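Asker: return a 3D structure for these sequence lines:
(2 chains, ligands or ions: 2)
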Amino acid sequence: MIKMLEGKDLHKYFKMGTTTVKALRGVDITLESGDFTFIVGPSGSGKTTLLDLLGALSRPTKGRVLYKGKELNKFNDYQLSMFRRKKVGFVFQSYNLNRSLTALENVLVPIQPQGVTQKDVKRAKKLLKEVGLGKRTNHKPTQLSGGEIQRVTVARAIVNQPDIVLADEPTGELDTKTGENLMKYMRKLNEKKGLSFLIVTHDTEYIEEGDRLIEMKDGKLHKKT
Amino acid sequence: MYKISLKNLFQNKKRTILAVIGLSIAIVGLISLISLSSGIRHSVEESFTIMGGIMVLEEGATGLDSLLTEDIATEIERIPGVSVVSPGVEVMVNTIDGEVPEVRGPMAGVILGIDPQKEMERANGGIYNQNLIRGSFLRTTYESSVLISRDAAEDLEKSVGSSITLNGETFRVIGIYSTGTQFMDMAYVVPIDKARDMGNMAPGESTYLHVGVNNPDEEDRIANMIEFRVDGIEAKSASQWTDEIGSIMDQMNLFFLGIASIALLVGAIGIINTMLMSVMERTREFGVLKAMGWTKENIVKLVVLESLILGIIGGIVGIILGIGLVEVAKQFMPFQPVITPLLVISAFILSVILGLIGGTYPAWKAAQLDPVEAIRME
Ligand SMILES: Nc1ncnc2c1ncn2[C@@H]1O[C@H](COP(=O)(O)OP(=O)(O)OP(=O)(O)O)[C@@H](O)[C@H]1O
Ligand SMILES: [Mg+2]
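Answerer: Ligands and ions are numbered 1, 2, ... in the order given. Modelled structure (predicted):
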């Protein structure tokens, strides 16, 4: 398998006045294409921070992130934006969508900077269908349920055909049944498209046989399976 | 991307409307002030052009406060090139038919005494004589006859043959005129000696003198000559008066522009404020946009586009309201405010620029947001 995304000895420190919060203290992680990986761990253990580094939303204090062998540290701001636009997709816990746009328009937002073509619209519609929202394309977020909103967010995360989706507690605001439903769609995309998923969760019920599980504690990886 | 901007603006209607109102009030102010001032200028210039000849006033006087003696008229008549010196006496209207007139600004009207013979000798044949639309011109300098404007005739329901009492003195309307110029249409034209009596002026005295010349090309030169030869007076040709009034008008314009700029500044601050508030409220949205690979430039473009749209809408609304206001105001004003295409275009360009400038700083702010912190914010 190709090493798609790697974190090597990742450290992230936050200065809070005189004290320094060490959110990550030497994390080594490798993500390969087709992986379906969960990260679990107590609150404050550094899960979100790790996702931010892997998705190039922030730079590590120490250590390196490699995308297909290329070092993200050496990318300038523009190249990092392009990396986020083309190679990764983000799903956050809540408030993901623009309330003034329809589901379809929201899915198209990542394409806006380069200009939306008819082909893009078609692909976006197809993706919405794949997450079970074929009939909801013109609904605004206020007309969608929490689970539907998160499915729109997943469709938006993959509209630019990334290699990996980084999801930070995507089911955090959903009840178990809706959460399971969302997971089902993500697994389907993983199987059908070979798309990697890295999912932070507090709910171990979603984890199935064959998934990778990473546990974090105090800014370090605790145990890998 | 403009579609997203539009929808974002639509999302917070109240704030968008407030920003648009702020800017459009500024534009309304700009349009009404400038059109009023160019209207006044236009009207004054027109009057001088129609009047023609050289206008002589007492030195330092601005209008009714001028007083010229008979000697001055005689002296000017002797200057070579001068063909006619026609005196005018102006007296404020205090009452019409015993009633204090409904004052339209300081423009209630003026009693203008002229010498009919001298007026007819002027190159234009006498303005009120030439612009008579009904009845006949005055004949002597002492008869109890008056010429009134068509507007006055309509307002007061008078026609040729009616009688009218001005400042307690009763006249018979023998003619109705219309010059088409508001300044000149404010006059109740009476024989000069009647006006002198009403203004307690001695025989031969006048408020101003109209000097006609043999060769119109020499007006400026002769006007200078009159000023040089006769003490205590100001003599200027129509074009010289226009220039002088023009410079006063320029100052007035500058003053109006000052007020308008303050209004525009307020409008601009309104836009900046609106956009800053909107950016602050949408911190998380910008964080998510960055996570989705939007560059700083993309975000700047989005925010500037939003404020540009505010500017355009504010400009259009302001221009429409401004024109509406001026149209309404026209009916109550002695001057006709003038709205030129140039004024409308400038007002529009100005609102677009204000929109652009007003959006720049908030856009820069939005682009600088740290995506990690922005997304963590609830
Ligand atoms: N911007 C920041 N400034 C200061 N400290 C921060 C910042 N971001 C994160 N931290 C700290 O870093 C540590 C790790 O935070 P992180 O959000 O990665 O944890 P987490 O595992 O995602 O927790 P949770 O499960 O509650 O989301 C915490 O102690 C947090 O307070
Ligand atoms: Mg977290």
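Asker: in stretch A:86-104, what's buried?
Answerer: For stretch A:86-104, a neighbour-count test (16 or more other Cβ atoms under 10 Å in any protein chain shown) marks A:87-98, A:100-104 as buried. Backbone N, C-alpha and C define where each C-beta goes, glycine included.
Asker: revised request: answer the last question for stretch B:4-20.
Answerer: Neighbour-count burial for stretch B:4-20, with 16+ other Cβ under 10 Å as criterion, is recorded at B:Ile4, B:Ser5, B:Lys7, B:Asn8, B:Leu9, B:Gln11, B:Asn12, B:Arg15, B:Thr16, B:Ala19, B:Val20.
Asker: how about A:Phe14, secondary structure?
Answerer: Three-state assignment for A:Phe14 (DSSP: H, G, I helix; E, B strand; the rest coil): strand.
Asker: chain neighbours aside, what residue packs nearest to it?
Answerer: With sequence-adjacent residues excluded and distances taken as Cβ to Cβ, 6 or more residues apart in numbering or on different chains, A:Phe14 is closest to A:Val21, at 4.3 Å.
Asker: C-alpha coordinates for stretch B:360-370, PDB please?
Answerer: Below are the C-alpha coordinates for stretch B:360-370, written out as PDB (Å, rounded to 0.1, in the frame of the first residue of the first chain):
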ATOM      1  CA  THR B 360     -11.700  46.200   2.100                       C
ATOM      2  CA  TYR B 361     -10.800  46.300   5.800                       C
ATOM      3  CA  PRO B 362     -13.400  43.700   6.900                       C
ATOM      4  CA  ALA B 363     -12.400  41.500   4.000                       C
ATOM      5  CA  TRP B 364      -8.800  41.700   5.100                       C
ATOM      6  CA  LYS B 365      -9.900  40.800   8.700                       C
ATOM      7  CA  ALA B 366     -11.800  37.800   7.500                       C
ATOM      8  CA  ALA B 367      -8.800  36.600   5.400                       C
ATOM      9  CA  GLN B 368      -6.500  36.800   8.400                       C
ATOM     10  CA  LEU B 369      -8.600  34.600  10.600                       C
ATOM     11  CA  ASP B 370      -6.800  31.500  11.900                       C
END
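Asker: what does it contact?
Answerer: Defining contact as Cβ atoms under 8 Å, 6 or more residues apart in numbering or on different chains, one finds that stretch B:360-370 is touched by A:58, B:272, B:275-276, B:278-279, B:282-283, B:286-287, B:290, B:296-297, B:299-304, B:307.
Asker: stretch A:123-136 now?
Answerer: Here stretch A:123-136 makes contact (Cβ under 8 Å, 6+ apart) with A:103-104, A:107-108, A:111, A:137, A:144, A:148, A:151-152, A:154-155, A:158-159, A:185, A:188-189.
Asker: got it, and stretch A:50-70?
Answerer: With contacts defined as Cβ under 8 Å, 6+ apart, stretch A:50-70 is touched by A:2-13, A:24, A:26-27, A:29, A:31, A:39, A:49, A:71-73, A:75, A:80, A:83-84, A:87-88, A:90, A:166, A:168, A:198, A:200, A:216, B:290-291, B:370-372, B:375.
Asker: which parts of stretch B:289-297 are buried?
Answerer: Under the neighbour-count criterion of 16+ other Cβ under 10 Å, stretch B:289-297 has B:Leu289, B:Lys290, B:Ala291, B:Met292, B:Gly293, B:Trp294, B:Thr295, B:Lys296 buried.
Asker: wait, does that stretch contact chain A?
Answerer: Yes - contact of stretch B:289-297 with chain A (Cβ under 8 Å from any Cβ of the partner chain) involves B:Leu289, B:Lys290, B:Ala291, B:Met292, B:Gly293, B:Trp294, B:Thr295, B:Lys296.
Asker: and these as TSV, adding pLDDT and secondary structure?
Answerer: Shown next, in TSV, are these (pLDDT from 0 to 100; DSSP: H, G, I helix; E, B strand; the rest coil):
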residue	pLDDT	secondary structure
B:Leu289	94	helix
B:Lys290	94	helix
B:Ala291	94	helix
B:Met292	94	coil
B:Gly293	94	coil
B:Trp294	95	coil
B:Thr295	95	coil
B:Lys296	95	helix
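Asker: which ones among the buried residues of stretch A:86-104 lie within helices?
Answerer: Under the assignment DSSP state H, the buried residues of stretch A:86-104 contribute A:Ala103, A:Leu104 to helices.
Asker: give me the mean pLDDT for the helix or strand containing B:Leu265.
Answerer: Using DSSP states H and E, B:Leu265 falls within helix B:238-281. The pLDDT scores in helix B:238-281 average 84.
Asker: mind listing what residue 35 touches?
Answerer: In the absence of a named chain, this looks at chain A. A:Asp35 makes contact with A:Ser196, A:Phe197, A:Leu198, A:Arg212 under the criterion Cβ under 8 Å, 6+ apart.
Asker: the intended chain is chain B.
Answerer: Each residue near B:Ser35 by Cβ under 8 Å, 6+ apart is listed here: B:Gly322, B:Val326, B:Pro337, B:Val338, B:Ile339, B:Thr340, B:Leu343.
Asker: got the residues of the stretch 251-378 of chain B near ligand 1?
Answerer: Contact residues, the stretch 251-378 of chain B versus ligand 1 (Cβ under 6 Å from any ligand atom): B:Glu373.
Asker: would you mind listing what in the stretch 251-378 of chain B touches chain A?
Answerer: Residues of the stretch 251-378 of chain B lying close to chain A (Cβ under 8 Å from any Cβ) are B:284-285, B:288-296, B:298, B:370-372, B:375-376, B:378.
Asker: tell me where the chain has strands.
Answerer: In the absence of a named chain, this looks at chain A. A:3-16, A:19-32, A:36-40, A:62-67, A:70-71, A:88-91, A:164-168, A:196-200, A:212-217, A:220-224 (DSSP state E).
Asker: oops, wrong one, chain B.
Answerer: Going by DSSP E, chain B shows strands at B:54-58, B:82-92, B:110-114, B:132-135, B:145-149, B:163-166, B:169-177, B:187-191, B:208-213, B:233-237.
Asker: among the ones you listed, which comes closest to ligand 1?
Answerer: Evaluated with Cβ to the nearest ligand atom, the strands of chain B place strand B:233-237 nearest to ligand 1, the distance being 76.0 Å.
Asker: can you tell me the strand partners of that closest one and which way each runs?
Answerer: Under the criterion DSSP bridges, strand B:233-237 sits next to strand B:54-58 (antiparallel) in its sheet.
Asker: which outside residues touch the strand it pairs with?
Answerer: Strand B:54-58 is contacted by residues B:48, B:63, B:65-68, B:72, B:76, B:207-213, B:219, B:222-223, B:226, B:232-238, B:241 when judged by Cβ under 8 Å, 6+ apart.
Asker: buried subset of those, written for PyMOL?
Answerer: This is how PyMOL selects the buried members of the contacts of strand B:54-58, with burial counted by 16+ other Cβ under 10 Å:
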select buried, chain B and resi 48+66+67+68+72+76+207+208+209+210+211+212+213+219+222+223+226+233+234+235+236+237+238+241
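Asker: where does chain A dip in pLDDT?
Answerer: A:1-2, A:223-225 (pLDDT under 70).
Asker: which one is the closest residue to chain B within it nearest to, not counting chain neighbours?
Answerer: Closest approach between chain A and chain B, counting by Cβ to the nearest Cβ: A:Arg85, at 2.3 Å. Leaving out its chain neighbours, the residue that sits closest to A:Arg85 by Cβ to Cβ, 6+ apart is B:Gly293, at 2.3 Å.
Asker: which residues of chain A lie near chain B?
Answerer: Residues of chain A that fall close to chain B, judged by Cβ under 8 Å from any Cβ: A:48, A:52, A:55, A:57-58, A:77-78, A:81-86, A:90, A:92, A:95-96, A:98-101, A:105, A:109-110, A:112-113, A:156, A:160.
Asker: those residues also near ligand 1: which ones?
Answerer: Checking these against ligand 1 (Cβ under 6 Å from any ligand atom), the matches are A:Thr48.
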